[in-house]
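Trainee: Quick one, what's the 3D model for this:
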Amino acid sequence: MSEIPKACFFDRTTPPHISTLILLAGVSALSMTLFLPSLPNMTRDFETDYRLMQLSVALYLFVNAVLQVGVGPISDRVGRRPVVLLAVALFIMATAGCLLAPNVEIFLAFRMAQAIIVTGMVLSRAVVRDMVPQEQAASMIGYVTMGMALAPMLGPVIGGFLDENFGWKANFALLILLGLVLYIICHFDLGETANSRPTSFRQQMREYPELFRSRRFWGYCIVATFASGAFFAYLGGAPFVGSSVYGLSPSVLGTYFGIAALGYLIGNFISGRFATRFGINRMVLLGTAVTILGPGVTLALTLFGYDNPGSFFGLMIFVGIGNGIALPSATAGMLSVRPHLAGSASGIGGAMMIGGGSCLSALSGSLLSEATRAYPLIGIMLASEILGLIAALYVIWVARLVDRKSTSAS
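Mentor: Model prediction:
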């Protein structure tokens, strides 16, 4: 890794300030959650079915995943800065399309186009890995995503308030404003951090087998996919559970959504504080174990008759805490397997995580009804978290094999 100058705020010749990375990732996260409390009202306004309206989450996540496959390698080739600036500009235009859409089909088309803002989430991680080594990257990513967690924590609360007082379109007006602010800040502060890539894009693609042959890379990707899968299923199903099963208003539902995001904030703080000391594999194992408590305890309480919004939404804090602990370390791990392909690794790993989340989000939305209550959602979340724990154990097993081979060779 070449020597990178110290970050100076609003200086395009140096790496970006950490606050710019937080804002870049935060707007990306906010666009995913801000309008969730409005889904029932949007369903009525567009005169459609909730299952179709819920696709605004699942399709967004699917396109999100597809884009991540290309964003990483393109940024490895042409640089982080131009890709980010183009993505933010396109996000602003797509959000304006959502705001002005006359029917649900056009809205969903622009909603899918909004997914381009995932560039901010992918490249904020890659920029961190450009700047610092693996263990420090896990810590720094933890702090970046801790700040990013404030967006989805406050987003549904703000979105519910805006919906009740100004209508659901106010959410998208706010996203346009934030997009404009983000573009200005990135234009003046986001210095280039990627190393120059003299090879062609085709030659760069030929390097991918080096990444794909790594069991550690796939292990970290699978951990991130299943550990976060429960959260994405929650995004797809919780608005229906809150409004149709528990009868919550948009503002109250938005407040409940903040509980999981608060947990993510706590988990990110733990990751930022302890990842360097304990190592990424231990943090991944701890995080995946904690996530199981959320749906596991919720299912037990529901079976024993404690079926209320306080227990359902409140226990989701463990899903947030576990993800906040596990994901920064899993991300740092996948990016550090082949540091010269950090952007590509971030994109591929993120595509797996978001693509899996999109499938689980669509599945939870399709299975829920007033008759089933929250059981299908809880079951999907619990299964995903158990698979995440198994994947974490696999990563540790592979790491021990590598250590034994290194010891034998020496």
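Trainee: Look at Asp45 and say how many residues are nearby.
Mentor: The local packing of Asp45 (other CB atoms under 10 Å) involves 15 other residues. In short, each C-beta sits where N, CA and C put it, glycine included.
Trainee: The closest residue in space to it that isn't next to it in sequence: how many residues sit nearby?
Mentor: Nearest residue to Asp45 in three dimensions, chain neighbours excluded: Trp168, at 7.0 Å (CB to CB, 6 or more residues apart in numbering). Residues contacting Trp168 under the criterion other CB under 10 Å number 22.
Trainee: Would you map the strands across the protein?
Mentor: Here the chain has no strands by DSSP state E.
Trainee: By average pLDDT, which secondary structure element in it comes out worst?
Mentor: helix 201-205 (a mean of 61; mean pLDDT, DSSP states H and E).
Trainee: Tell me the buried residues in stretch 381-392?
Mentor: Within stretch 381-392, the residues scored as buried using 16 or more other CB atoms under 10 Å are 381-389, 391-392.
Trainee: residues in contact with it?
Mentor: Residues outside stretch 381-392 that contact it (CB atoms under 8 Å, 6 or more residues apart in numbering) are 219, 222-223, 225-227, 229-230, 233-234, 281, 284-285, 287-289, 291-292, 294-296, 299, 319, 322, 326, 360.
Trainee: And stretch 293-311, by the same measure?
Mentor: Residues outside stretch 293-311 that contact it (CB under 8 Å, 6+ apart) are 230, 242, 246, 248, 256, 312, 315-319, 322, 373-375, 378-379, 381-382, 385.
Trainee: for stretch 34-52, same thing?
Mentor: By CB under 8 Å, 6+ apart, stretch 34-52 touches 53-54, 56-57, 103-104, 107, 155-156, 158-160, 163, 167-168, 171-172, 174-175, 235, 238-240, 243-244, 250-251, 253-254, 257, 365-366.
Trainee: ChimeraX command for the buried members of the residues you listed?
Mentor: Command for ChimeraX that selects the buried part of the contacts of stretch 34-52, burial taken from 16+ other CB under 10 Å:
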select :53,54,56,57,104,107,155,156,158,159,160,163,168,171,172,174,175,235,238,239,240,243,250,251,253,254,257,365
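Trainee: Take the contacts of stretch 34-52 and keep only those in helices.
Mentor: 53, 56-57, 104, 107, 155-156, 158-160, 163, 171-172, 174-175, 235, 238-240, 250-251, 253-254, 257, 365-366 (DSSP state H).
Trainee: mind listing the helices in the stretch 301-410 of the chain by residue range?
Mentor: Counting by DSSP state H, counting those that start in this stretch, residue ranges of the helices within the stretch 301-410 of the chain are 309-314, 317-336, 342-367, 375-409.
Trainee: tilt between the longest one and helix 342-367?
Mentor: In terms of direction (axes from the mean of the first three to the mean of the last three CA atoms, to 10 degrees), helix 375-409 departs from helix 342-367 by 150 degrees.
Trainee: still on that earlier bit, of the buried residues of stretch 381-392, which pair is most distant in space?
Mentor: Met381 and Ala392 (16.7 Å; CB to CB).
Trainee: pLDDT below threshold where in the stretch 201-350 of the chain?
Mentor: Along the stretch 201-350 of the chain, segments meeting pLDDT under 70 span 201-208, 339-344, 346-347.
Trainee: and what of the stretch 51-200 of the chain?
Mentor: 129, 132-150, 152-153, 195-200.
Trainee: residue ranges of the helices in it, please?
Mentor: Using DSSP H, counting those that start in this stretch, helices in the stretch 51-200 of the chain cover 55-78, 80-100, 104-114, 118-131, 134-166, 169-189.
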